[in-house]
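**Q** Prediction below, plus the sequence it came from.
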Amino acid sequence: MPVYVYECDSCGGRYERVHGANETPMKRCPKCRNSVHRVIFPVGIIFKGPGFHITDYGRGNGKARSKPPTPGDNGKERSESTVGSKSDGE
(Lines give C-alpha, C1' and ligand atoms only; values in the text may rest on other atoms or scores of the structure.)
Protein backbone atom coordinates (compact mmCIF):
# COMPACT_ATOMS: atom_id res chain seq x y z
CA MET A 1 0.00 0.00 0.00
CA PRO A 2 1.27 3.52 -0.74
CA VAL A 3 2.39 6.01 1.90
CA TYR A 4 0.69 9.40 1.69
CA VAL A 5 2.01 12.58 3.34
CA TYR A 6 -0.46 15.20 4.56
CA GLU A 7 0.31 18.72 5.82
CA CYS A 8 -1.92 20.81 8.07
CA ASP A 9 -3.00 24.16 6.64
CA SER A 10 -2.86 25.98 10.00
CA CYS A 11 -0.21 24.38 12.28
CA GLY A 12 2.07 23.04 9.48
CA GLY A 13 2.34 19.54 10.96
CA ARG A 14 3.18 16.72 8.54
CA TYR A 15 1.71 13.26 8.86
CA GLU A 16 2.30 10.01 6.98
CA ARG A 17 -0.60 7.65 6.47
CA VAL A 18 -0.60 4.24 4.82
CA HIS A 19 -3.85 3.50 3.02
CA GLY A 20 -5.07 2.21 -0.29
CA ALA A 21 -5.76 4.48 -3.25
CA ASN A 22 -9.50 3.73 -3.01
CA GLU A 23 -9.75 4.54 0.72
CA THR A 24 -10.91 7.90 2.06
CA PRO A 25 -7.99 10.37 2.40
CA MET A 26 -7.17 12.17 5.64
CA LYS A 27 -9.25 15.35 6.02
CA ARG A 28 -8.44 16.79 9.48
CA CYS A 29 -5.22 17.39 11.44
CA PRO A 30 -4.99 15.07 14.49
CA LYS A 31 -3.56 17.95 16.61
CA CYS A 32 -5.66 21.02 15.80
CA ARG A 33 -8.53 19.46 13.83
CA ASN A 34 -8.11 21.91 10.90
CA SER A 35 -8.02 20.87 7.24
CA VAL A 36 -5.00 19.13 5.68
CA HIS A 37 -3.79 18.75 2.12
CA ARG A 38 -1.79 15.98 0.51
CA VAL A 39 1.88 16.75 -0.22
CA ILE A 40 3.14 15.70 -3.65
CA PHE A 41 6.87 15.01 -3.97
CA PRO A 42 8.79 15.12 -7.27
CA VAL A 43 9.94 11.81 -8.68
CA GLY A 44 13.55 11.28 -9.73
CA ILE A 45 13.89 10.41 -13.42
CA ILE A 46 16.92 8.77 -15.00
CA PHE A 47 17.10 8.86 -18.79
CA LYS A 48 18.84 5.85 -20.29
CA GLY A 49 19.83 5.12 -23.85
CA PRO A 50 21.13 7.21 -26.73
CA GLY A 51 19.78 10.62 -27.54
CA PHE A 52 20.12 12.34 -24.18
CA HIS A 53 22.50 15.09 -23.09
CA ILE A 54 24.70 12.96 -20.82
CA THR A 55 25.34 10.28 -23.43
CA ASP A 56 25.73 12.70 -26.32
CA TYR A 57 27.88 15.42 -24.79
CA GLY A 58 29.15 14.03 -21.49
CA ARG A 59 32.18 12.28 -22.93
CA GLY A 60 35.12 13.84 -24.64
CA ASN A 61 37.98 16.15 -23.87
CA GLY A 62 36.12 19.43 -24.38
CA LYS A 63 37.25 19.93 -27.99
CA ALA A 64 34.71 20.45 -30.73
CA ARG A 65 34.04 17.49 -32.99
CA SER A 66 35.68 17.62 -36.40
CA LYS A 67 33.51 18.34 -39.38
CA PRO A 68 32.51 15.39 -41.55
CA PRO A 69 34.24 15.27 -44.96
CA THR A 70 32.45 16.99 -47.80
CA PRO A 71 31.11 14.76 -50.60
CA GLY A 72 33.62 16.03 -53.21
CA ASP A 73 36.65 15.84 -50.89
CA ASN A 74 37.10 12.03 -50.66
CA GLY A 75 40.29 12.65 -48.67
CA LYS A 76 42.40 13.28 -51.82
CA GLU A 77 44.26 16.31 -50.42
CA ARG A 78 45.23 14.47 -47.27
CA SER A 79 46.48 11.32 -49.07
CA GLU A 80 48.43 13.29 -51.70
CA SER A 81 50.25 15.41 -49.13
CA THR A 82 51.11 12.30 -47.11
CA VAL A 83 52.41 10.46 -50.20
CA GLY A 84 54.37 13.54 -51.34
CA SER A 85 56.07 14.00 -47.99
CA LYS A 86 57.12 10.33 -47.89
CA SER A 87 58.60 10.44 -51.41
CA ASP A 88 60.52 13.65 -50.58
CA GLY A 89 62.30 11.92 -47.70
CA GLU A 90 63.48 8.93 -49.77
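**A** Nice, I can see it.
**Q** those helices in this protein, which residues are they?
**A** Along the chain, the stretches classed as helices by DSSP state H are 53-57, 76-89.
**Q** for this structure, where's the lowest mean pLDDT among helices and strands?
**A** Lowest by mean pLDDT, DSSP states H and E among the helices and strands of the chain is helix 76-89, with a mean of 50.
**Q** Okay, now the unreliable bits of the chain?
**A** Where the chain drops to pLDDT under 70, the residues are 49-90.
**Q** got a list of what the residue nearest to residue 32 when sequence neighbours are not counted touches?
**A** Spatial nearest neighbour of residue 32, excluding adjacent residues (CB to CB, 6 or more residues apart in numbering): residue 11 at 4.9 Å. No exception for glycine: its C-beta is placed from N, CA and C like everyone else's. The neighbours of residue 11, taking CB atoms under 8 Å, 6 or more residues apart in numbering as the test, are 29, 31-32, 34.
**Q** Using JSON lines, please lay out the residues you listed together with neighbour count.
**A** Output for the contacts of residue 11, formatted as JSON lines (neighbours: other CB atoms under 10 Å):
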{"residue": "29", "neighbour count": "19"}
{"residue": "31", "neighbour count": "11"}
{"residue": "32", "neighbour count": "14"}
{"residue": "34", "neighbour count": "12"}
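**Q** For those, which two are the farthest from each other?
**A** Largest separation among these by CB to CB: 31 and 34, giving 8.7 Å.
**Q** Spit out the residues that contact the two alike.
**A** By CB under 8 Å, 6+ apart, residue 31 and residue 34 have these common neighbours: 8, 11.
**Q** all strands for the chain, in order.
**A** Secondary structure of the chain (DSSP state E): strands at 3-8, 14-18, 36-39.
**Q** Would you reformat those as TSV and include mean neighbour count and distance to residue 47?
**A** As requested, those are arranged in TSV below (neighbours: other CB atoms under 10 Å; distance: least, CB to CB, whole Å):
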stretch	mean neighbour count	distance to residue 47
strand 3-8	16	26
strand 14-18	12	30
strand 36-39	14	26
